[in-house]
Structures are given as C-alpha cells and as structure tokens.
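S.K.: Give me the fold of what follows.
(one chain, ligands or ions: 1)
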Amino acid sequence: MDDAPDPAGLVADYRPGDFLLAGPSGTVRAAGAAAVVADPDPDELAGRVAKLLADTGAPLAAGALPFRPDAAPHVVIPDTAVRAGRVRSGRAGRSGLVPVARRPVPAGAAYAEAVATAVRTLRDGSGLRKVVLARALDLDFAAPIDVPALLPGLVAANPNGYTFAVGLPGATLLGATPELLLSRRGRVVAANPLAGTRPRSADPGLDRAAAAGLLASAKDRAEHRVVVDAVAEALRPFCAALTVPAEPELVETPTVWHLSTAITGTVADPEVSSLRLASALHPTPAVCGTPTDSALSVIGGLEPFDRGFYSGAVGWCDAAGDGEWVVAIRCAEAAGARMRLFAGAGIMPASDPAAELAETTAKFATLLGAFGIDPE
Ligand SMILES: C=C(O[C@H]1C=CC=C(C(=O)O)[C@@H]1O)C(=O)O
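M.R.: Numbers count the residues shown, from 1 in each chain. Predicted coordinates for the structure are as follows:
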C-alpha cells in the first residue's frame, strides 16, 4: 500500500468511481476494480473477498452493502488503496450547488400518514416492536454534480462523523454518517449503535433542553435499547468477551442529538472478518426495525421507493480481516445532474408523526447544510 501522510490530500484526490471513508480512526481511499463481489449470502461474500485478497495480494476490499439483505452488495478489490490518518482540518464552505427543482418523496403529509399507519401496526399486538420509515428528497441541478468537489466541505462540516463516497454502478453514494456499524482491529471489535434523536437548535438554551429531553425520554430510550440489544445479540456468538454499557450517552452532529452506546468486544475466532461481522449485524433496528422480517415487510409496504444502498453499510476489510463498516445514513445518491437524499426515523408505538417528520427534516439538513443548500 502507498504511504500517504496527508489525509486531506486523499479526500482532495477523490475521483468519480473511487471509494472514500474518512473518519475519526483514519482515511481510506481506493480506486479501480480488479474484481467486484456481489454475492448477497454473507458467508459466500466474506469467503470470496478473503480468497481474492489472499490470491491477489490487494491490501483491502472496499464497498457497500445494500439495505435489503437479499439484494446484491458491491464490494470491490481495488487496483490501488491508500490509508492515512484522520483529516484534522478543513474549511466548510458553500458548494455552489443550487437546485433548480426539489421533490420530497413522498410529500411530508404522506410521510406523516405512513408513520401514523406504522404506529397503528405497532399498537395492534401483531408483534412488531419498532420500524424505521424513510423518505427521500430529490434535487435536480442545471449541470452534472461535481461529487469530488463536495467531499472536502462534507468532511469539514462533520468533523466527528464518517464521510464516505462510494462509486456504484451508475451513481455515487455519498454522505456523512455519525454511526459506526462495526470495526475490527486484531481481536478487538467495536460497534456504536445510535437511535433516539432530537433536532438541534441555534439557541443554546433550547439546544441543551433538547438534549436533556432526549436523554430523559422513555420513548427514545426504548427505541435505543432495541438497537443495543439486537447488536449485542448478533455480536455475542462471535465474541469471547463483550461489554455493553447499561446506559446510553448523548452524541451530537451539526443538526441532531442522538442516544449512543459504545459496545466493545473480543472476537473468539480471528478468522471471522470485519466484513462477515458487519453482515451479521446488518440491518440493525437503527435502520430497519424489530423483528427484522416484519419490519422489512412494513417498510416494503409503506415506503414508495427502493432504498438501494441507503441504510446499508459502507466500509473496507483487509486480508487480516480488520476493517471498518459504517451505517450508510445521512447520505444521498448522486447521478448526473440529480441527487436523491434519504432520511429515516425509528417509529415506536408512542411516536408522534409530526415529530418524526421534523426529525427527518433535521437529518436531511446534514447534507443540505454542508452543501450550502437551503433547508427543505
Ligand atoms: C435511519 C436514520 O437514522 C437512524 C440512526 C440514528 C437515529 C435514528 C433515529 O433516532 O430514528 C435512526 O435509527 C437516518 O438518519 O436515515
């Protein structure tokens, strides 16, 4: 692997089609595709990637897992891959992007109705305990979007998050997620489930009150606990030791507060790669719901679009099995002169449709704010 002392340079050198993940633990950029692995079966996927890494001597594989577990992943053995430290500085600025048209999909009122329908299902005793409902915002521009030009500003605007860009067939998935699905370094694994959200306020007093309200909210704590329990349950069979804090903490992004739990563990078998572990966790109830199958079917019935890679996972895995996978949220798919932004919210029996709509608006603001586009 090339030596790259300047992490900001890796971001600046991004070209369409490349893979980029820039987060607190470092920066990875990969280019080219010597091979693409698209097997949805988690064991087949991890096995084929491990074999290709061993056979080719490539330093790592990188790519994205889709939201739906039966859809095809896009994991690439790149021609080149460069790793560097964390991007330490950067200047957020206006991107110059001005949409000529914008369309919420569905309209806000229809999303709130879908939330109300989900709440009725959650209360009807059929067993569904949580479901995440997403909506999209389509933006049209007068000229093709210059994705590389957007990335330095996205990193600078989200200094504590994970900025990513993944070249997919026909589109680029780009975003700045606060959520670590899974990392593995040697035998040490970490996961950082987030769930439970309050929009932030420009008024410091109101902002503090929003954070305190979130930490005290029984609805949000229950929504969060469902995710923590599912992540711990999925990791436990792979781990010799697992530490799961009993209480969540607050974390902030530029637009929202979240409840957060940092889970750490030790893998029992070092042959189990970060990619295999990420597939075992995904989709967590932070993006899907619980039980998973019922939530998938409610999402299929209520969301008027295919999520594709939104709310999937983005990351990399090396030949030793180490790697880092983040939850693909606060993101958009850019293709030509169009961009589709996505935002979802965890719906519980006590959810208020208007509050969930406001929460998704605040989540859209992660990208809109970083690109200097007026909020919805
Ligand atoms: C599904 C999304 O966020 C998830 C992650 C953190 C908090 C969430 C929530 O409070 O609903 C969601 O579970 C999204 O941003 O599109």
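S.K.: Any buried residues in stretch 199-207, and which?
M.R.: Residues of stretch 199-207 classed as buried: Pro199, Arg200, Asp207 (neighbour count, 16 or more other C-beta atoms under 10 Å). (C-beta placed from N, C-alpha, C; glycine too.)
S.K.: unless I'm mixing things up, the last one is touching Arg200, no?
M.R.: Right, the one you point to is Asp207. Yes - using C-beta atoms under 8 Å as the test, Asp207 is close enough to Arg200 to be in contact (5.4 Å).
S.K.: got any residues that touch both of these two?
M.R.: Common contact partners of Asp207 and Arg200 (C-beta atoms under 8 Å, 6 or more residues apart in numbering): none.
S.K.: Pull out the buried positions in the helix or strand encompassing Leu133.
M.R.: Per DSSP states H and E, Leu133 falls inside strand 130-140. Buried positions in strand 130-140, judged by neighbour count with 16+ other C-beta under 10 Å: Lys130, Val131, Val132, Leu133, Ala134, Arg135, Ala136, Leu137, Asp138, Leu139.
S.K.: right, is that strand up against the ligand?
M.R.: Yes - residues of strand 130-140 contacting the ligand under C-beta under 6 Å from any ligand atom: Val132, Ala134.
S.K.: Also stretch 330-347?
M.R.: Yes - applying C-beta under 6 Å from any ligand atom, one finds stretch 330-347 in contact with the ligand at Arg330, Phe342, Ala343, Gly344, Ala345, Gly346.
S.K.: Name the SS class of the nearest residue to the last one once chain neighbours are set aside, please.
M.R.: This means Gly346. Leaving aside its sequence neighbours, Gly346 sits nearest to Glu223 (C-beta to C-beta, 6 or more residues apart in numbering; 4.7 Å). Secondary structure state of Glu223, per DSSP: H, G, I helix; E, B strand; the rest coil, is helix.
S.K.: from what I can see Glu223 touches Leu194, true?
M.R.: No - with contact defined as C-beta under 8 Å, Glu223 does not reach Leu194; the gap is 10.5 Å.
S.K.: What residues does the stretch 101-250 of the chain have near the ligand?
M.R.: Val132, Ala134, Glu179, Leu194, Ala195, Gly196, Thr197.
S.K.: rerun that using 5 Å as the cut-off
M.R.: Contacts of the stretch 101-250 of the chain with the ligand, taken as C-beta under 5 Å from any ligand atom, map to Leu194, Ala195, Thr197.
S.K.: Throw those residues into CSV and include distance to Asp79, secondary structure and neighbour count, thanks.
M.R.: Shown next, in CSV, are those (distance: C-beta to C-beta, whole Å; DSSP: H, G, I helix; E, B strand; the rest coil; neighbours: other C-beta atoms under 10 Å):
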residue, distance to Asp79, secondary structure, neighbour count
Leu194, 34, strand, 25
Ala195, 38, strand, 28
Thr197, 39, strand, 26
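S.K.: export stretch 46-55 as PDB, just CAs?
M.R.: Only the C-alpha atoms of stretch 46-55 are listed here, as PDB (Å, rounded to 0.1, in the frame of the first residue of the first chain):
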ATOM      1  CA  ALA A  46     -16.800 -12.900   3.100                       C
ATOM      2  CA  GLY A  47     -15.300 -16.100   1.800                       C
ATOM      3  CA  ARG A  48     -14.900 -14.800  -1.800                       C
ATOM      4  CA  VAL A  49     -13.500 -11.500  -0.600                       C
ATOM      5  CA  ALA A  50     -11.000 -13.200   1.700                       C
ATOM      6  CA  LYS A  51      -9.900 -15.600  -1.100                       C
ATOM      7  CA  LEU A  52      -9.500 -12.700  -3.600                       C
ATOM      8  CA  LEU A  53      -7.400 -10.700  -1.100                       C
ATOM      9  CA  ALA A  54      -5.200 -13.700  -0.500                       C
ATOM     10  CA  ASP A  55      -4.900 -14.500  -4.200                       C
END
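S.K.: and that stretch, how far from the chain's centre?
M.R.: Stretch 46-55 sits 25 Å away from the centroid of its parent chain (C-alpha atoms, centre = their mean, to the nearest Å).
S.K.: Go ahead and name everything in contact with that stretch.
M.R.: 35, 37, 39, 58, 60-61, 75, 77, 273, 275-276, 279, 317-319, 321.
S.K.: Mind checking which of these are in strands?
M.R.: Ala35, Val37, Leu60, Ala61, Val75, Ile77, Cys317, Asp318 (DSSP state E).
S.K.: Can you name the residue of the stretch 51-200 of the chain nearest to the ligand?
M.R.: With C-beta to the nearest ligand atom, the shortest gap between the stretch 51-200 of the chain and the ligand falls at Thr197, namely 3.4 Å.
S.K.: wouldn't that residue be in contact with Val256 here?
M.R.: Yes - using C-beta under 8 Å, Thr197 makes contact with Val256 at a distance of 5.1 Å.
S.K.: Now do the strands in the stretch 51-200 of the chain.
M.R.: 60-65, 74-77, 80-84, 101-105, 130-140, 162-168, 171-177, 180-185, 188-191, 194-199 (DSSP state E, counting those that start in this stretch).
S.K.: So which of those is nearest Phe371?
M.R.: Nearest to Phe371 among the strands of the stretch 51-200 of the chain is strand 130-140; the distance by C-beta to C-beta comes to 9.3 Å.
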